[in-house]
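Chemist: Any chance you can model this:
(3 chains)
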Amino acid sequence: MDPYLHLLLQGLAIGVLTGILYVLVALGLTLIYGILHIVNFAHGEIYMLGAMGVFYLQVVAGLPFAVTLVLIVVGSLLLGAVVERAFFRSLRGQWLQLVVASVGISLVIQSVAWIAFGIQEKNVPSYLPGIVEVLGVRLPRERLLAAGVGLVLVAVLYLLVYRTKAGLAMRAIEEDEETARMLGVNADRVATLSVALGFVLAALAGAFVAPIYSLNPGMGLEPILMSFIIIIVGGLGSITGTVLAGLLVGVLQSVGAVMFGAEAAYGLVFVAMIAILVLRPAGLLGRV
Amino acid sequence: MTPVLAIRGITKQFGGLTALNGVEFTVELGELVGLVGPNGAGKSTLFNIIAGAFPPTSGRVVLHGRDVTHLKSHDLARHGVARTFQQVTLFAELTALQNVLQGLHRHVPARFLAGVLGSAGYRREQRDLEGRGQRLLEFLGIGSVRDEVAGELPLGIQKLVTVAVALATEPTLLLLDEPGAGLSHEEATRMMNLVSTVIRERCTIVLVEHNMRIVSRYCDRAVVLHFGQKIYDGAPEGLTSDQRVVDAYLGVAELA
Amino acid sequence: MRQAALALVLLALVALPPLAEPYILHVAIVVLINVVYAEGLYVIMRMGYLSFGHAGYIALGAYTSALLSTELGVSVWLGFPAGGLVAALFAWALGAVTLKLRGIYFSLSVFAFAEVVSAAFRAFDVFGGPAGIAGVPRPMFLGTRLNTHLGFYYVVLVTALVSLVFLYRLGATRFGFTLLSLRTRHTEILAESVGIDAARYKTLAFVISCFFCGLMGAVHGHYLRFVSPFVFTFFLSTDLVIYNMVGGLGSFWGPLVGSVLLTALGEQLFAAGYYKSLVYAVVLLVVILALPGGLIQITRAREMGAARRLGWGKAPVTTAER
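Modeler: Numbering: from 1, shown residues only, chains lettered A, B, ... in the order given. The predicted model follows:
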C-alpha cells in the first residue's frame, strides 16, 4: 500500500478513536448546556481530575483499578452536585455570571491542582498494552479500549436520556422549563443530575485517557477547546450533533496533522468551524 | 393617488404550513386600518413581513410605490416604517426619555468624532434631541415619566413609551401590534383615543387587533384574515353582518 | 469632587515617577497596560458580547510591532499604531462572521480564534515559534533609546491616557449609547426597528475594542522587549474578563477599578506563581455571588436603580433569524 495513503488511513483511524474521546467530554458539556443553558468552562478541569485521580489512587495508593473507577465516578458525581448547588443554582438565569463563574471555578481547580500536584509530568502505566493491526493500520489497544468505553458511555447516555423517567424529565426541562415545572418536574433535581452526569462523563474520559498521554494540571485546556469547537459545530444542546461533530473534528484534526502538521491542523479545524457557522449559524443540528 | 402601502399577493410558507395565502390589500394615506382575525390567522406574520423581519415566500410589499419586499427592518425604518411589538419591547434599563432618544437618532448623523471630542455643536444637537424627545412624551401625555427607568413603569405607561419610540422615527406608516393587549379597559380606551385622534394626524396607521369592538369603534376600515386568507376588506360596520367573518369567529366571545 | 480626585491622580502619575523605584514603575506600567486592555474589552461587553479571546488581538498587535521593528527596522512609534491597525483589521474580518452569533457562540468563536492565533505563532518559524521574538527594541526619543523603566513609563502613560480618554468619551456619545441598546436579541430587534443598523454598530465597536487592545499589545511587547505565545494566553483573556466582572459593568469606572486593584494585587502575588490565579478566581467568585454589580456597586448603590443588577438573563444564541 502506498505509504502516504497508509499514513492517511492511520490518521483516519486514530482520528475516529480520538474523536470518540472528544465526544465524551463534549457530551458532558452539551448535557449541562441543554438543561442549564450555561457552558461549563470548568469541564476541562474535571477531565484533568479524572486522570489525576487514576494516578493518585491507582499508581500512588495502589488501589485496584475497579475501586479507582468507582471512587472517580462517585467523586465526580458529588463534585457536580456541589458545584450546581453552590454556584449554578443561585445564579440561574444570569447567563453572563454563570459563564464567568464557571471560568472562576475552572481557575480555582487548576490553581489548586498546580500547587498540589506540582509541575512534574506524571505517567500512568497502560491498562492494555499492545497493538492491534487491522488492514495494515496499527491501532494501540489502549486507544481502542478508551474508544470502546467511550462508545459504551454514549450508549448509556442515550438510554438514560431517551428511555428513563429521569431522562424524560431532563428532556422536558430542556424543551420548555416552565411547562415542565408546572407539570411537576423537579427542575432543581434535574439540574443537579445533569451537572453531576456531565462531570462523570468528563472524569471518566480523563480516567481512560490517562495512560495515553502524560498528565499535568493544564491538560484540560486542549480537550475543552476541542469540545467548544465540537459543540459549536454540532449545535449546542444536541446529543447527536455532538457525536457527529466530535467524530468530524477528531478525524479532521488527525488527518490534518498527517497532511500539514499538528499546529496547522488546529487552523484547519477552526476554519472548518467558521465555515459551518457561516452556513448554519446554529450548528449542524443545533436547537436552542 | 399612490397608496402608502400595497400588499400584493403575499404568501408565506413555513415548511409545510401555509401561514399566508395570496393576501392582497392597500392602505391609503391617512387611513387607520385594522387588521383582524382569530388567533393563528396570520396577522402577526403579515406584520413581520411588512416590517422586514423576514421575507415572504412570494408576493410583494410596496411602500409609496416602491418595492420594499426584501428590505431589512433597519432600512425600512429609514423609509418611514415604524412598529410596535406584540410583547412590550423596550430598552428596559434606560429611562423613558433615553428610550425615545434611540428612536430620534436616525435624524442626525452619528458624528462619532465630534461626539468623542465633545464639540459644542454636538452638545447642542443632543440638547435639541432631548427637547424633541420630551415633547414627544408630553404629546402622549407621559411627559412626567421622562427620567423613570422604563423597565419599572406600569404596563400602560410602557406601552405608551413604545409608541413614543416608534413615533420618534417620524414614520409615514405606523404598525401597531395589539395596542390594547394587556391593558385595562380605561387604559385601552386612552390608548385608542390617542391613536385615533392625534397620532393618526401624523401618519397612516395599520393596527393588528383581536378585539372586534376596538376595530369597529376606531378604524376607518377593517381587513379580516382567516387561515392566512383575506376574507373581508371594508367598512367596520359590515363586520358583524358578513357571514364569512361571523363563521370565522364562531365561538369566540369578542364578536358581541 | 470627582474632578479634583482625578486631577490629583493625574498629577501623581505625571510627577511622582522620577522619585519611584524601578519596581514601582514596573507595577505602574503593568497596571496602565491592563487598564487599557480591560476598558477595550468593556466596549463590547457593554453591548452584551463576552470575549474570552482578546488575548489573540493583543498578540496580533504585539507581534506586528515586534516583527516590524526587528525584521524591517520600522520605527517603534509607527509600530504601535500598526499593531492596533492589524488587530482592528482581523477584528473587522472576524466580526463579519462572529458578531452575527450571540451569547456563548460568539464567546467560544473568539476563544477558538485566539487559540488558533497562538498555535500559528508557535508553529511557524517566522514568528519565532515557541520561543517567540527576542530583542524587540524600545523606541527612540530625542536621540536616546528609552531603555529605562522611567523613560518607557511616560510612553505607556501617554498612550494609556489618550486611549482611556477616547474610550471614556465613547461612552458619552450617541454611538456608545446605542451600543447599550444592542445588549440582547430583543433589544437589538427593537433597535433595528427604529433604524439602527445593528451589524454596523457592532462591527465598529468590535474594531475599536480590538484596535486599542492591539495598540496596547504593541506597547506591551516593546516594554517586555520580547513577544511569545506564552505571554498572550487564554489566561490573559480571562483576566480581562475578571477585571470587568469584579469592577462592575455599570459604568466606565468599573473595569478601571477592577483592573487597577487586581493587577496591583496580582503583581504582589506574582512571585508566588499560581497563587495569583487562585486569588483572582476566588475574588471573582465572591464578587459574582455577593456583589453582582461588581465593586463599583458599593459606591453607586443609590444611583444605579434598576441598572444595578446587570445580569443579561437567559442567553440568546443567534440573531440570524432571516
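
Chemist: The spatially most central residue of chain C sits in which helix or strand?
Modeler: What sits nearest the mean C-alpha location of chain C, by C-alpha atoms, centre = their mean, is residue C:37, with 1.9 Å. Using DSSP states H and E, residue C:37 sits within helix C:22-45.

Chemist: How about the contacts made by the residue nearest to the centre of chain C?
Modeler: C:54, C:58, C:213, C:216, C:236, C:240, C:259 (C-beta atoms under 8 Å, 6 or more residues apart in numbering or on different chains). C-beta here means a position set from N, CA and C on the backbone, and glycine is covered the same way.

Chemist: Confirm that residue B:60 sits in a helix.
Modeler: No - counting by DSSP: H, G, I helix; E, B strand; the rest coil, residue B:60 falls outside a helix, being strand.

Chemist: Quick check: chain neighbours aside, which residue is closest to it?
Modeler: Once flanking residues are discounted, residue B:60 sits nearest to residue B:8: 4.4 Å by C-beta to C-beta, 6 or more residues apart in numbering or on different chains.

Chemist: Doesn't the one you found lie inside a helix?
Modeler: No - under three-state DSSP, residue B:8 sits outside any helix and is assigned strand.

Chemist: quick one: it and residue B:59 touch, right?
Modeler: Yes - between residue B:8 and residue B:59 there is a contact under C-beta atoms under 8 Å: 5.7 Å.

Chemist: Ramachandran angles for the residue nearest to residue B:2 when sequence neighbours are not counted?
Modeler: Excluding its sequence neighbours, the residue lying closest to residue B:2 (C-beta to C-beta, 6+ apart) is residue B:65, at 4.5 Å. Here is the backbone geometry of residue B:65 (degrees, to the nearest 10): phi 80, psi 0.

Chemist: any idea how far residue C:228 is from residue B:206?
Modeler: 62 Å (C-beta to C-beta, to the nearest Å).

Chemist: whoops, residue C:136 was the one
Modeler: 10 Å.

Chemist: Can you give me the buried ones in stretch C:257-264?
Modeler: Within stretch C:257-264, the residues scored as buried using 16 or more other C-beta atoms under 10 Å in any protein chain shown are C:257-263.

Chemist: from these, which ones fall inside helices?
Modeler: Using DSSP state H, C:257-263 are the members of these that sit in helices.

Chemist: Can you give me every residue that contacts residue B:165?
Modeler: B:90, B:99-100, B:102-103, C:190, C:194.

Chemist: Buried residues, the helix holding residue C:37. List them.
Modeler: C:25, C:27-45.

Chemist: what do you get for stretch B:79-92?
Modeler: Buried-residue list, stretch B:79-92, by 16+ other C-beta under 10 Å: B:79-86, B:88-92.

Chemist: how deep is residue 99 tucked in, by neighbour count?
Modeler: Reading this off chain A. Look at residue A:99: counted by other C-beta atoms under 10 Å in any protein chain shown, it has 22 neighbours.

Chemist: my question was about chain C
Modeler: Look at residue C:99: counted by other C-beta under 10 Å, it has 24 neighbours.

Chemist: That one and residue C:206 touch, don't they?
Modeler: Yes - under the criterion of C-beta under 8 Å, residue C:99 is in contact with residue C:206, at a separation of 6.2 Å.

Chemist: which residues are in contact with both of the two?
Modeler: residue C:49.

Chemist: excluding its backbone neighbours, what's nearest the residue of the stretch 1-150 of chain C at minimum distance from chain B?
Modeler: Closest residue of the stretch 1-150 of chain C to chain B, C-beta to the nearest C-beta: residue C:46 (11.1 Å). Distance criterion C-beta to C-beta, 6+ apart; nearest residue to residue C:46, sequence neighbours excluded, is residue C:179 at 5.5 Å.

Chemist: What segments of chain C are helices?
Modeler: Using DSSP H, helices in chain C cover C:2-15, C:22-45, C:54-71, C:76-98, C:103-123, C:149-172, C:174-180, C:185-193, C:198-224, C:234-247, C:253-269, C:275-290, C:296-304.

Chemist: These: which one's closest to residue B:27?
Modeler: Closest to residue B:27 of these, according to C-beta to C-beta: helix C:185-193, at 18.7 Å.

Chemist: Next, the buried residues of that closest one.
Modeler: C:185-193.

Chemist: Equivalent analysis for stretch A:203-218, please.
Modeler: For stretch A:203-218, by 16+ other C-beta under 10 Å, it's A:203-212, A:215-217.

Chemist: Repeat that for stretch B:1-21.
Modeler: For stretch B:1-21, using 16+ other C-beta under 10 Å, the buried residues are B:3-8, B:10, B:12, B:18-21.

Chemist: starting at the chain centroid, how far to the helix or strand where residue B:18 lies?
Modeler: Take DSSP H and E as the rule and residue B:18 turns out to sit in strand B:17-27. The chain centre lies 18 Å from the centre of strand B:17-27; the measure is C-alpha atoms, centre = their mean, to the nearest Å.

Chemist: Give me the residues contacting the helix or strand following that strand.
Modeler: Scanning forward in sequence from strand B:17-27 by DSSP H and E, the next helix or strand is strand B:32-36. With contact meaning C-beta under 8 Å, 6+ apart, strand B:32-36 is reached by B:27, B:43, B:46-47, B:195-196, B:200, B:204-210, B:212, B:214-215, B:218-225, B:236, B:239.

Chemist: ok, back up a step: count the residues that sit near the residue nearest to residue B:2.
Modeler: Using other C-beta under 10 Å, residue B:65 has 9 other residues around it.

Chemist: just the one 4 residues further on next, same as before
Modeler: Neighbour count of residue B:69, defined by other C-beta under 10 Å: 18.

Chemist: Could you report the distance from it to residue B:80?
Modeler: Separation of residue B:69 from residue B:80 (C-beta to C-beta): 16 Å.

Chemist: pretty sure residue A:229 contacts residue A:269?
Modeler: Yes - between residue A:229 and residue A:269 there is a contact under C-beta under 8 Å: 6.1 Å.

Chemist: Overlap of the contact sets of those two?
Modeler: By the contact definition C-beta under 8 Å, 6+ apart, residue A:229 and residue A:269 are jointly contacted by residue A:249.

Chemist: quick one: the strands in chain A?
Modeler: Remark: strands assigned in chain A by DSSP state E are A:131-134, A:137-140.

Chemist: May I see the ones you listed organised as JSON lines, with mean pLDDT, distance to residue A:83 and mean neighbour count added?
Modeler: Shown next, in JSON lines, are the strands of chain A (pLDDT from 0 to 100; distance: least, C-beta to C-beta, whole Å; neighbours: other C-beta atoms under 10 Å in any protein chain shown):
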{"stretch": "strand A:131-134", "mean pLDDT": "79", "distance to residue A:83": "39", "mean neighbour count": "10"}
{"stretch": "strand A:137-140", "mean pLDDT": "80", "distance to residue A:83": "34", "mean neighbour count": "16"}
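
Chemist: Ok, which of these comes nearest chain C?
Modeler: Taking C-beta to the nearest C-beta, strand A:137-140 is the member of the strands of chain A nearest to chain C, at 25.3 Å.

Chemist: Give me the contacts around that closest one.
Modeler: Contacts of strand A:137-140 (C-beta under 8 Å, 6+ apart): A:6, A:9-10, A:13-14, A:17, A:130-133, A:212.

Chemist: So what are the sheet partners of that strand and their directions?
Modeler: Here strand A:137-140 is paired, per DSSP bridges, with strand A:131-134 (antiparallel).
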